[in-house]
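In: Predicted model, plus sequence, below.
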Amino acid sequence: MPFDLSLSYPQWQGSGRYANLPRGAEAAAEICGRLAPLVQVPPAHDEVDDELLHGVHRWQSIFTQFRSAQNILASSGARRVLTAGGDCAVDVAVIDYLKGVHPDLRVIWIDAHLDANTPETSPSGNFHGMPVSAILGRAPGPMRPYLGKPLEPARFRYVGIQVGDDGDWELQRELDLQRLAPQAAIDGPVHIHFDLDALDPLEFPYVAYPDGKLRIDDAIALVGRIAREADLVGFTVTEFAPANEHEARAGSRVIERLCEAAVAPPSQAK
């Protein structure tokens, strides 16, 4: 089904390798804006601010953008949200909003990385390594009063994970976070988080952390299957990091195919 809102959320401050993320976020937003009305989260301009607060680098800019995104979403009334990031942490605000609209929301987290560190366990302090822990109730202290009830771990599934720090695996074991079984039935309202670094870099090299192994065609087939079987209420594309305009155009073609799979009717989903 069509999305009600495209959210351009060009946050780069959560990443440890952020140089090309603004270019990628702009290209992804151009694709998403064709599919639903586009609204942009105002970017924070703090290129010289690398202060570590609450265990997170560039915390103030991240928190400011988080609150802006929350306000935009709350005033939109949207029930289905397509999001163009930015780094992975943009999905904290989006998932929190969609869970408020759809209390039985399920989350499919497609990523090469677990993203389950907390401010206490993260070796880097980069917030794009913490969004899974945040949506499951382990967000930085100042963010927690602005978040609703945490997602239940049983309603969360990983796809494509390859890499994690000790803190990631510790939380995965503690909460028994599971991978999505290949033929598992998927129903109810679902949000897909799609970090493009889940893709095999031999096919999609336009990322800052090329650790994925997922083939592009397999990824498109999975998104299409979820769109057919479930009620896909959210789809977020993140971590697109093209080094130049040529790479931006090449990578955008893949993003376009993924988004088309998310919105196509059953007979057309790829």
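Out: That came in fine, so what should we check first?
In: What residues sit buried inside stretch 4-17?
Out: Neighbour counts over stretch 4-17 (16 or more other Cβ atoms under 10 Å) mark 5, 6, 7, 8, 9, 10, 11, 12, 13, 14, 15 as buried. For the C-beta atoms, the positions are set from N, CA and C on the backbone; glycine is no exception.
In: quick one: the strands in the chain?
Out: For the chain, the strands defined by DSSP state E occupy 5-9, 38-40, 52-53, 56-57, 81-85, 106-110, 156-159, 178-179, 189-195, 231-238.
In: residues in contact with the first one?
Out: Surrounding strand 5-9, the residues in contact under the criterion Cβ atoms under 8 Å, 6 or more residues apart in numbering are 25, 29, 32-33, 35-41, 65, 69, 72-73, 76, 78, 80-86, 90, 93-94.
In: So what are the sheet partners of that strand and their directions?
Out: Using DSSP bridges, the strands paired with strand 5-9 in its sheet are strand 38-40 (parallel), strand 81-85 (parallel).
In: I'd like the average pLDDT over that strand.
Out: Averaging pLDDT along strand 5-9 yields 98.
In: How far off centre is stretch 213-231?
Out: 16 Å (Cα atoms, centre = their mean, to the nearest Å).
In: Can you give me the separation between residue 13 and residue 19?
Out: 12 Å (Cβ to Cβ, to the nearest Å).
In: which residues touch the spatially closest residue to residue 169 that is not a sequence neighbour?
Out: Spatial nearest neighbour of residue 169, excluding adjacent residues (Cβ to Cβ, 6 or more residues apart in numbering): residue 114 at 7.0 Å. Contacts for residue 114 (Cβ under 8 Å, 6+ apart) come out as 132, 158, 161, 163, 164, 165, 168, 169, 171, 172, 177.
In: Can you flag the buried ones in those?
Out: 132, 158, 161, 164, 165, 168, 171, 172, 177.
In: Please flag which of these sit within helices.
Out: Using DSSP state H, 132, 168, 171, 172 are the members of those that sit in helices.
In: Between the residues you listed, which sits nearest residue 257?
Out: If you rank these by distance to residue 257 using Cβ to Cβ, residue 132 comes first, at 25.6 Å.
In: what about the stretch 151-270 of the chain, any weak spots by pLDDT?
Out: Counting by pLDDT under 70, the stretch 151-270 of the chain contains low-confidence residues at 265-270.
In: and residue 16, what is it in contact with?
Out: 124, 126, 128 are the contacts of residue 16 under Cβ under 8 Å, 6+ apart.
In: And it, how far from residue 209?
Out: Distance from residue 16 to residue 209, by Cβ to Cβ: 9 Å.
In: Over to residue 36?
Out: If you go by Cβ to Cβ, the gap between residue 36 and residue 209 works out to 28 Å.
In: show me where the protein has helices.
Out: Using DSSP H, helices in the chain cover 21-32, 59-76, 91-101, 131-133, 166-175, 216-229, 245-263.
In: Generate a markdown table for those, with distance to residue 181 as supplementary columns.
Out: Shown next, in a markdown table, are the helices of the chain (distance: least, Cβ to Cβ, whole Å):
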| stretch | distance to residue 181 |
| --- | --- |
| helix 21-32 | 29 |
| helix 59-76 | 31 |
| helix 91-101 | 22 |
| helix 131-133 | 19 |
| helix 166-175 | 16 |
| helix 216-229 | 12 |
| helix 245-263 | 20 |
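In: Determine which stretch of the ones you listed is the most buried.
Out: Of all the helices of the chain, helix 131-133 has the most neighbours on average by mean count of other Cβ atoms under 10 Å, namely a mean of 29.
In: what's the burial count for residue 80?
Out: By other Cβ atoms under 10 Å, 22 other residues sit near residue 80.
In: again, but for residue 147
Out: 19.
In: Am I right that it is in contact with residue 139?
Out: Yes - taking contacts as Cβ atoms under 8 Å, residue 147 lies within contact range of residue 139: 5.9 Å.
In: Identify the contacts common to these two.
Out: residue 92.
In: most tightly surrounded among the strands paired with strand 5-9?
Out: Taking mean count of other Cβ under 10 Å, strand 81-85 is the most buried of the strands paired with strand 5-9, at a mean of 29.
In: Done for today, thanks.
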